[in-house]
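J.: What shape does this take:
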Amino acid sequence: ACGADTVVCKAGRQDWWDDVAAASPEGYAAIFDANGVSTLRNSYDALAQTGRLVIFGFHTNLPTVSSTLSPWHWLRMAKGMASMPTFEP
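T.: Next comes the predicted model:
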């Protein structure tokens, strides 16, 4: 799959991070995270010492409504952004 050595399917599973760790015990050179707040900590923890974490989306921070966003939705998104973990390598 696009030159990847391993592909981990997380569909319907809670323990998929165990597969991530087993596939590369030394960590990964790069992780591309589209989920955001809910997966950043685990993504960072799965990196090799000199690995890169590329964040290109915040899927779990977005509201799941089909109508116009209310002020409450904007406040919840701001709270999610404020509660994102910070990393000091």
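J.: Regarding the protein, what is its longest strand?
T.: Across the chain, the longest stretch assigned as strand under DSSP state E is strand 47-55.
J.: outside of that one, which residues touch it?
T.: 24, 26-33, 36, 40, 43-44, 87 (CB atoms under 8 Å, 6 or more residues apart in numbering). Every C-beta, even on glycine, is put in place using the N, C-alpha and C of the backbone.
J.: please redo it, this time with the cut-off set to 6 Å
T.: Strand 47-55 is contacted from outside by 26-33, 43-44, using CB atoms under 6 Å, 6 or more residues apart in numbering.
J.: what's the burial count for Thr86?
T.: Using other CB atoms under 10 Å, the number of residues around Thr86 comes to 5.
J.: what helix or strand is it on?
T.: Under DSSP states H and E, no helix or strand contains Thr86.
J.: Torsion angles phi and psi at it?
T.: Note on Thr86: its backbone torsions stand at phi -110, psi 150 [degrees, to the nearest 10].
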